[in-house]
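Novice: Next comes the sequence, and after it the predicted model I'd like to discuss.
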Amino acid sequence: MGLRYGEIYQVPKDVTVKEIYCKQALSRSLLEADFALNPYRGCSHGCIYCYSPYVIREERRWGDFVDIKRDIPKLLSEELNRKEGSVRLSSVTDPYQPVEKSYEITRMCLEQLKRKGVHTIIQTKSDLVTRDIDLFCDMEVDVGMTITSLDDGFSRIFEPGAPNPDLRMKALEKLVEKGINTWAFIGPLIPGFNDSDDAIKKIVRELNDIGVSEIYLDKLNIRDGIWKKFEASLDEQSLRNLKKVYEDKDYFLRRKRFYSRLGKPVY
């Protein structure tokens, strides 16, 4: 079953949580911000398409652990005195995964960013983000929500620990109502699962209906470790179909033309 309201902030019992200390808060970002800020290492959402463990060279099974960077708000406060530029929350974790409900590391970091007037870009899959609307209302911030599909069945397979899509859409709607700058990320788009024309159009239509017009789309980037996760989660026919698509070098070029009519492709 998918996670429902009231359950999404409970860390699964099989997830190991520990506190750690880090050497720095901000790292140079290759994305749209100057710096990346990751309050946690690991993510209990456990999305099987996530490439973060391969970026940070994490050998532990992704989704089974979360390291709490206990001292990162203090380090951030110090670093903001000598570093200038926009900050992305986050690049290799979800800043609003379940542990944030009790630890509030993200919120403490936001307080520091707000104090310094730093332009902050947030991306999450969690409706817990609405908790911090009181900070956002007087802050230079853009809040993005990842919407991979409106189908709970898809979410249960590919994003087993993340809030259901309807909760994410309601969170976006609430942010828009409060006048917060919002955007949506539709991705990764996985051939045969969530990339049909009708499915994507429906997401875009619902986003537009609640007032979200800034929309980004991205394809699935398969790496060795991700394919192994797919093999453990999908049936053989689905795997064969997916492999066939990726053998077609022009497939995503053709799809990009369609995506461009609905939003901004990022590949």
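Specialist: Cool, got the structure. Just so it is clear, the structure is predicted and the values come from calculations on it, not from any experiment.

Novice: just the strands in the stretch 151-267 of the chain please.
Specialist: Listed in chain order, the strands of the stretch 151-267 of the chain (DSSP state E, counting those that start in this stretch) span 181-189, 215-219, 264-265.

Novice: Mean neighbour count added to the ones you listed, as a markdown table?
Specialist: (Glycine included, C-beta is placed from N, CA and C.) Shown next, in a markdown table, are the strands of the stretch 151-267 of the chain (neighbours: other Cβ atoms under 10 Å):
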| stretch | mean neighbour count |
| --- | --- |
| strand 181-189 | 22 |
| strand 215-219 | 20 |
| strand 264-265 | 16 |
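
Novice: helices and strands of the chain: which one bottoms out on pLDDT?
Specialist: Ranked by mean pLDDT, DSSP states H and E, the weakest helix or strand in the chain is helix 224-233, scoring a mean of 90.

Novice: Between strand 181-189 and that helix, find me the angle.
Specialist: Interaxial angle, helix 224-233 versus strand 181-189 (axes from the mean of the first three to the mean of the last three Cα atoms, to 10 degrees): 70 degrees.

Novice: Show me what helix 224-233 is packed against.
Specialist: With contacts taken as 3 or more Cβ pairs under 8 Å, 6 or more residues apart in numbering; DSSP states H and E, helix 224-233 sits against helix 52-55, helix 236-247.

Novice: So what touches the longest one?
Specialist: Looking back up the chat, that one is helix 236-247. Residues from elsewhere that reach helix 236-247 (Cβ atoms under 8 Å, 6 or more residues apart in numbering): 190, 191, 192, 193, 222, 230, 231, 234, 251.

Novice: any chance of those residues in CSV, plus neighbour count and distance to residue 168?
Specialist: Listed next are the contacts of helix 236-247 as CSV, based on neighbours: other Cβ atoms under 10 Å; distance: Cβ to Cβ, whole Å:
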residue, neighbour count, distance to residue 168
190, 21, 18
191, 19, 22
192, 14, 22
193, 22, 18
222, 16, 24
230, 20, 23
231, 10, 28
234, 19, 23
251, 15, 27
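
Novice: List just the nearest of those residues to residue 166.
Specialist: Closest to residue 166 out of the contacts of helix 236-247 is residue 193 (18.4 Å), distances taken as Cβ to Cβ.

Novice: contacting residues for the closest one?
Specialist: The neighbours of residue 193, taking Cβ under 8 Å, 6+ apart as the test, are 149, 154, 158, 238.

Novice: Are any of those residues buried, and if so which?
Specialist: 149, 154, 158 (16 or more other Cβ atoms under 10 Å).

Novice: show me the contacts for the last one.
Specialist: In this case it means residue 158. 47, 48, 49, 148, 190, 193, 233.

Novice: Check the gap between it and residue 29 for me.
Specialist: For residue 158, the distance to residue 29 (Cβ to Cβ, to the nearest Å) stands at 25 Å.

Novice: do the same with the second one
Specialist: Taking Cβ to Cβ as the measure, residue 154 falls 29 Å from residue 29.

Novice: which ones are touching residue 171?
Specialist: 126, 127, 129, 130, 145.

Novice: Mind doing that once more with 7 Å?
Specialist: Residues near residue 171 by Cβ atoms under 7 Å, 6 or more residues apart in numbering: 127, 129, 130, 145.

Novice: Out of those, which is nearest to residue 72?
Specialist: Closest to residue 72, out of all of the contacts of residue 171 and judged by Cβ to Cβ, is residue 129, at 18.2 Å.

Novice: so which helix or strand takes in the closest residue to that closest one other than its chain neighbours?
Specialist: Of all residues not flanking residue 129 in the chain, residue 96 sits nearest, at 5.0 Å (Cβ to Cβ, 6 or more residues apart in numbering). Using DSSP states H and E, residue 96 sits in no helix or strand.

Novice: Check the contact between residue 207 and residue 217; I expect there is one.
Specialist: No - Residue 207 is not in contact with residue 217 according to Cβ atoms under 7 Å; the separation is 11.4 Å.

Novice: out of the helices and strands packed on helix 224-233, deepest packed?
Specialist: helix 52-55 (a mean of 16; mean count of other Cβ atoms under 10 Å).

Novice: picking that back up, just among the contacts of residue 158, which is most surrounded?
Specialist: Compared across these, residue 148 has the highest neighbour count, 25 neighbours, by other Cβ atoms under 10 Å.
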